[in-house]
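[1] Can you look at this prediction? I've put the sequence above it.
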Amino acid sequence: MTYPIDRIRNFCIVAHVDHGKSTLADRMLQLTELVDPRKMREQYLDKMDIERERGITIKAQAARLPYKPLGDVDDEYLLNLIDTPGHVDFSYEVSRALNACEGAVLLVDAAQGMEAQTIANLYLALEADLEIIPVLNKIDLPAARPDEIAREIAAIIGGEPDDVLRISAKTGDGVAAVLDSIVDRVPAPSGNPDGPTRALIFDSIYDAYRGTLVYFRVVDGSVKPGDRIRLLATGFEGEIDDLAVNSPEETPIAALGVGEVGVLSAAIKEISQAKVGDTITLAGKNAREVEPLPGYREPLPMVFSGLYPMDSDDFPDLREALDRLRLNDASFTYEPETSAALGFGFRCGFLGLLHLEIITERLDREFNIPLVTTAPSVRYQVTLEQAIDPDTGEPKVVEVSNPQDLPDPGQIASISEPTVKAMILTPAAYVGAVMQLCEGRRGTMIAMDYLTEERVELRYQLPLAGIITDFFDQLKSMTRGYASLDYERGDYVVANLVRVDVLLNGEPVDAFSSIVHRDEAYPFGKNMVEKLRELIPRQMFDVPIQAAIGSKIIARETIKAKRKDVLAKCYGGDVSRKRKLLEKQKEGKKKMKSVGSVEVPQEAFVSALRSTGPKGD
């Protein structure tokens, strides 16, 4: 069925993790009778096992919902739902999906209230000039506070508390009123049906048989099978082989016009050729003159980690697995690297900690490759002392994501680290503890606002390296789980940073090296040497474990040698005989220490690096 533009409504659902976004989408599918009741399942739009197990949305999904409002049996509307991720790591995908819509359902848990990530995505929706429909979910819970939360929402977005819809996505109570509000309040798409074709890509996935499938929304003009298209950012050109809509399963369609959402395949062999935010237009001599849709940018990795197979024989399999994963996720990067301690592996860049966890879990689950993951780090900018950039005439700046690549201290003029602008929502009772945590991570307060008498919004500038390990866990622990965190990329700031190396028997172990602030170097080094003393088995000789900054030792522990009682056969006699035996043993141990090497078991690497690795979302 062809729908006129004034009967099309494009909307998304903005919500925090576990506030019921996927459940609400399920009820909408049932109300519009798109899914056979026998085939219906929870989280219907979430396709990946990890999404279903964790209860989070990782990949954006689209569903085409024909809907007749209550009391309006003749007129049918087309509702295009674009289901977006809720986590901060995928905020760019969220922004692109918001730009494909005219309205957003702001879904808030009636028991938990507004969360930081919800507010961050709400701001993105307001910047995109979307119509906001506030909805309170889970009103059937015993702990629900609908009146209080409705006042909180009204204070943030304006309006009256009575304007906030109240539903239970689990039981379906009030969901029909949400669909009616979308029809009434969300504006129809605006676009030129006769102008040059422009469509926005908001997601893409890889299919083994058809190549890359592109999810898009038509802004101007139209597309149909057989059209030759051009992607403006990458320059790819190809002919549309298949054109379909998700209803919610893929259904072929003859053409798509202004405001409609669909999926196409055009023999695009790599997902990197169809990037989120790119503009689709028709190929031809005028294609280069078409104005791209605004807002496109390359996804930039924020967190870096080394991935090494536990068994070195698995290295070719790991390379193949990363190649295949990248077919479905072009937002992470990887390049080969070598570690003297861990062998051959890859230095990978991720959008954030959750992204890192998802990739490593998929490698283990889908490809059965046990991994050693080095401690996550960030990308630093190092200004060199004497080298000059020939293009600018300024001191040369190099980017470093691996601690081993940090130049010698004598060559460094300064090191700049990336920062983030963090937004923390917390109950007023925990403001002092949260401020103390942020100050301890070298944070600088930007602002503090009371949303209500009981809810406070804190804004801090924090070093990215300070929040990628256990910051989230600490925040949740000290606020009994009530605080929430969201952040966006900030500027690079010069800091007093040093590389801390760990030495075993005088030899550096590159896998344990890390770049930290000078004030935090001693606690970090002391923690590492104490942990390694427990993890590394005893040798036949004393093994010193040292943490060092350059040639300066800042912490030390010793693994005592296994002792053989060489005096066991002496039942008396001259003491000089005993002394001679002990001296002989001492010389043997000294020689063994000079030629022996300390074998560090893989389990020790895994345990030690996990102590400084990802902890929380």
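    Cool, the structure landed. Numbering: from 1, shown residues only.
[2] rest of the way, CA atoms for contacts and neighbours
    Fine.
[3] ranges for the strands of the stretch 201-350 of the chain?
    211-220, 228-231, 237-239, 242-246, 250-252, 261-265, 279-282, 303-309, 333-339, 343-350 (DSSP state E, counting those that start in this stretch).
[4] Check the stretch 501-617 of the chain too.
    Using DSSP E, counting those that start in this stretch, strands in the stretch 501-617 of the chain cover 507-508, 514-517, 543-549, 552-559.
[5] could these go into JSON lines alongside mean pLDDT and distance to Arg324?
    Output for these, formatted as JSON lines (pLDDT from 0 to 100; distance: least, Cα to Cα, whole Å):
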{"stretch": "strand 507-508", "mean pLDDT": "82", "distance to Arg324": "34"}
{"stretch": "strand 514-517", "mean pLDDT": "88", "distance to Arg324": "30"}
{"stretch": "strand 543-549", "mean pLDDT": "87", "distance to Arg324": "39"}
{"stretch": "strand 552-559", "mean pLDDT": "87", "distance to Arg324": "43"}
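[6] So which of those is nearest Phe216?
    strand 514-517 (41.6 Å; Cα to Cα).
[7] on that earlier part again, tell me which of the strands of the stretch 201-350 of the chain is the most buried.
    Greatest average neighbour count among these goes to strand 279-282 (a mean of 28), per mean count of other Cα atoms under 10 Å.
[8] model confidence over that strand, on average?
    The predicted model gives strand 279-282 an average pLDDT of 88.
[9] any weak-confidence spans in the stretch 151-300 of the chain?
    Applying pLDDT under 70 to the stretch 151-300 of the chain flags the ranges 296-298.
[10] For it, just list every one of the helices.
    For the stretch 151-300 of the chain, the helices defined by DSSP state H, counting those that start in this stretch cover 175-185.
[11] The stretch 351-500 of the chain: strands as residue ranges?
    371-373, 380-388, 395-400, 412-427, 444-450, 455-463, 484-495, 497-504.
[12] oh, I was asking about the stretch 51-200 of the chain
    Listed in chain order, the strands of the stretch 51-200 of the chain (DSSP E, counting those that start in this stretch) span 61-67, 77-83, 103-109, 131-137, 165-166, 198-207.
[13] export the ones you listed to TSV and tack on mean neighbour count?
    Conversion of the strands of the stretch 51-200 of the chain to TSV gives the following (neighbours: other Cα atoms under 10 Å):
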stretch	mean neighbour count
strand 61-67	22
strand 77-83	23
strand 103-109	26
strand 131-137	23
strand 165-166	22
strand 198-207	24
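[14] could you list every residue that touches Asn99?
    Ala128 (Cα atoms under 8 Å, 6 or more residues apart in numbering).
[15] To what extent is Arg362 buried, counted in neighbours?
    16 (other Cα atoms under 10 Å).
[16] likewise the one 4 residues further on?
    The number of residues packed around Glu366, counting by other Cα under 10 Å, is 10.
[17] can you check Thr558 too?
    17.
[18] before we move on, the earlier item: got TSV for the strands of the stretch 501-617 of the chain, with distance to Pro69 too?
    Conversion of these to TSV gives the following (distance: least, Cα to Cα, whole Å):
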stretch	distance to Pro69
strand 507-508	70
strand 514-517	59
strand 543-549	68
strand 552-559	70
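[19] To Gly257, which of those strands lies closest?
    Closest approach to Gly257 among those (Cα to Cα): strand 514-517, 52.6 Å.
[20] could you say what helices and strands the closest one packs with?
    Secondary-structure packing of strand 514-517 (3 or more Cα pairs under 8 Å, 6 or more residues apart in numbering; DSSP states H and E): strand 497-504.
[21] and the strand it packs on, what's its mean pLDDT?
    On average, the pLDDT along strand 497-504 is 88.
[22] neighbouring strands for that strand, and are they parallel or not?
    strand 507-508 (antiparallel), strand 514-517 (antiparallel), strand 543-549 (antiparallel) (DSSP bridges).
[23] Out of the ones you listed, which gets nearest to Lys476?
    Closest approach to Lys476 among the strands paired with strand 497-504 (Cα to Cα): strand 514-517, 23.8 Å.
[24] hmm, back to that, for the strands paired with strand 497-504, could you give me a markdown table that also reports distance to Arg288?
    Formatted as a markdown table, those follow (distance: least, Cα to Cα, whole Å):
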| stretch | distance to Arg288 |
| --- | --- |
| strand 507-508 | 54 |
| strand 514-517 | 45 |
| strand 543-549 | 54 |
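[25] Ok, which of those strands comes nearest Ala447?
    Across the strands paired with strand 497-504, closest to Ala447 is strand 514-517 (Cα to Cα), at 24.7 Å.
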